[in-house]
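*Asks:* sequence and predicted model, in that order:
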Amino acid sequence: MSDRFSVQGRIVCVTGASSGIGCFLASTFVSAGASVVGVARRKDKLDAWVEEAGGAGGKAAAVVGDLVDPAGLEDIAEAVKSRFGDPEIVVNTAGMNPRLSADDVTLEAWRKTLELNLSTPFFLARLFVPAMRAKGWGRIINIASMQSLRAMPNGIAYGASKGGITQLTRAMAEAWSGDGINCNALGPGFFPTELTQKVYGDPELLDKLAAQTCIGRNGEMDDLVGPALFLASPASDYVTGQVLFVDGGFTAK
C-alpha cells in the first residue's frame, strides 16, 4: 500500500525552488527519493538549496533562469532535462504578488504577475508533455490559492492569476490526462513564506486568520508533505483537474 505514495526514482522539476513553498517541496521530493531540479532566478539561494538537499546523499540540481520571460522557457526546459533526464513530475510553484490596490496596479505589474503565475505554468509544463506522453505517465501540480476563490485586499492581480490557475488546471487535465498525465493544483492557506512576511509580522492579524480556519491555526510547512506526495504519486491515478485546498478549512467557512 505504501508504494502507492512513492516517488522513489522519479525525476521532478520544481519552479520557485529558491525559497518558500517551492524550496520546501523541492526538498520534500529529494527526501522521498526523487531526483529534483530546482528552477529560480537567485543562484545563491539555489546553490544553498542544492548543497543542503544533496548533503545527505539526495539527488538535487539547479537551473537558474527568469521564468517571467516566455522567450527563455525553452532554454530553461532543455537545461532541466540535461540534469537527470526528462521530468515526470512538474511542480509550478514560482509566483509573485505585487500587493497593490486596484487603483495602483500598473500595466507592468499586472503583466508580470499574470505571466509568471499563469502563463509560465502552462507553457513550461507543455515543453515536458511529449516525454510524459511517450512514457504514458506524468504529473503536473500547479499552485492555486485561497484567492482562487476569494477576493482579498490589495490582491487583484494575484487573485486574477490564481483564479486562472483553477481553470488552467482543469483545462490541462482535459487536454493531457488521456495520455496518463494528471494535472492538479494545491491551494495553500497561510504559510510562513517570503510572500506572507508582512502577514507573519502582525501577530494580531495572524490570530484572526487562524480563527477563520476550521482547525484553528495557520499552516505549518509539514502540512504540505502528504498532499504533495499524494498528487505526485500513483496514489492519485484517478484524480485529475482538481484543486486540493490545504488551508485548515479556511475556504470551508
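*Replies:* Looks like it arrived, so ask away.

*Asks:* please tell me how far the residue lying closest to Gly33 once chain neighbours are set aside sits from Ser31.
*Replies:* Nearest residue to Gly33, sequence neighbours excluded (Cβ to Cβ, 6 or more residues apart in numbering): Gln8, at 3.7 Å. For glycine as for every other residue, the C-beta is placed from the backbone atoms N, C-alpha and C. For Gln8, the distance to Ser31 (Cβ to Cβ, to the nearest Å) stands at 11 Å.

*Asks:* and those two? Which one has more around it.
*Replies:* Ser31 (13 against 9; other Cβ atoms under 10 Å).

*Asks:* check contacts around the more buried one.
*Replies:* By Cβ atoms under 8 Å, 6 or more residues apart in numbering, the contact set of Ser31 is 53, 58.

*Asks:* tell me the confidence at it?
*Replies:* Per-residue pLDDT puts Ser31 at 96.

*Asks:* kindly report the same for the one 5 residues further on.
*Replies:* Per-residue confidence for Val36 comes out at a pLDDT of 98.

*Asks:* phi, psi for it please.
*Replies:* Note on Val36: backbone dihedrals following degrees, to the nearest 10 are phi -120, psi 130.

*Asks:* count of neighbours near it?
*Replies:* By the measure other Cβ under 10 Å, the count of residues near Val36 is 33.

*Asks:* that one bridge partners, please.
*Replies:* For Val36, the beta-bridge partners under DSSP bridges are Val12, Ala60.

*Asks:* distance from stretch 130-139 to the middle of the chain?
*Replies:* Its chain's C-alpha centre and that of stretch 130-139 lie 19 Å apart, by Cα atoms, centre = their mean, to the nearest Å.

*Asks:* number of residues surrounding the nearest residue to Asn218 once chain neighbours are set aside?
*Replies:* When the adjacent residues along the chain are set aside, Asn218 lies closest to Phe190, with 4.6 Å between them (Cβ to Cβ, 6+ apart). For Phe190, the neighbour count with other Cβ under 10 Å is 21.

*Asks:* I'd assumed Thr196 was in contact with Phe190.
*Replies:* Yes: with contacts defined as Cβ atoms under 8 Å, Phe190 counts as touching Thr196 at a distance of 6.0 Å.
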